[in-house]
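*Asks:* Return a 3D structure for these sequence lines:
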Amino acid sequence: MATADLSKQPDQVSAMFDEVARHYDRTNGFLSMGNSALWRHAVVRAIDPQPGERILDIAAGTGTSSAVLARSGARVVAADFSQGMIDVGRTRNPHIEFVQADAMDLPFDDNEFDVVTISFGLRNIKDPRKALAEMYRVLKPGGRLLICEFSTPPAAVVRTGYNAYMRYVMPAVVGATSSNPEAYTYLATSISDWPDQAILSQWIRGAGFTRVGHRNLTAGIVALHRGRKPIASE
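*Replies:* Reported below is the predicted structural model:
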């Protein structure tokens, strides 16, 4: 079974997600205790997709979020590095355009999208700041960035409970529901090693985005980060 290490080598990460693709959405539902649907809804509300807008959904997996965004009439491109995820996604969501893509070297033109979004994928990229620069490049001036990612609960009592869940409860759930439990060991470690809200906001500003901010979900276990690609006159 493929398990990526924390060096986040792209071929290892891709192989790991290839193996878990079939049951990925089901396992996530169990692990999040149903919150994954609420987080997805929060992402869609924050993006506020409009008919005719062109949206790039990076690390789209099987296209669950892409399909929700497309219901607005937006033209959604679901990009993922894992061919296994894409294969499952094309079967489940045949109306969505899927593209195999490396987030650090996106196969799109400059200024192509009205919105770029990524949910629970930025921390799995070897160089997330390079990926943020690519997101900036492919956005139109005035375009919107929305990142949904695991984060650091600001309250100590929540952090303690969350860490206990990750250490003791998550392995049991994964063992019962995942086709590759070892992969989720990597995922748990990647969550605990991920920087907090303030540092990610600094990275987003460093890529050139303005109007940067974040909103905590589920007591800060997850955070929505937003930014805009400035218009030249701003």
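*Asks:* In contact with V76, which residues?
*Replies:* P49, I55, L56, D57, S66, A67, L69, A70, I96, E97 (CB atoms under 8 Å, 6 or more residues apart in numbering). Using the backbone N, CA and C atoms, a C-beta is placed for each residue, glycine as well.
*Asks:* Swap in 10 Å and give it another go.
*Replies:* 49, 53-57, 60, 63, 65-70, 93, 95-98, 113, 115, 117 (CB atoms under 10 Å, 6 or more residues apart in numbering).
*Asks:* swap in R205?
*Replies:* L132, R211, V212, G227.
*Asks:* I147 too?
*Replies:* 43, 46, 58, 116-122, 128, 132, 135, 200-201, 203-204, 214, 223-227.
*Asks:* And for it, nearest residue in space, chain neighbours not counted?
*Replies:* H225 (4.2 Å; CB to CB, 6 or more residues apart in numbering).
*Asks:* before we move on, back to that, greatest separation within the contacts of R205: which pair is it?
*Replies:* L132 and R211 (14.9 Å; CB to CB).
*Asks:* Looking at the two, which has the bigger crowd around it?
*Replies:* In terms of neighbours (other CB atoms under 10 Å), L132 is the more surrounded of L132 and R211; the figures are 27 against 13.
*Asks:* mind checking how far the more buried one is from L122?
*Replies:* Distance of L132 to L122, given as CB to CB, to the nearest Å: 8 Å.
*Asks:* Which ones among the contacts of I147 lie within helices?
*Replies:* Here DSSP state H is the test, and the contacts of I147 give V43, A46, P128, L132, M135, L200, S201, W203, I204 as lying in helices.
*Asks:* just the buried members of the residues you listed?
*Replies:* Among those, those scoring as buried are V43, A46, P128, L132, M135, L200, S201, W203, I204 (criterion: 16 or more other CB atoms under 10 Å).
*Asks:* Fine by me, thanks again.
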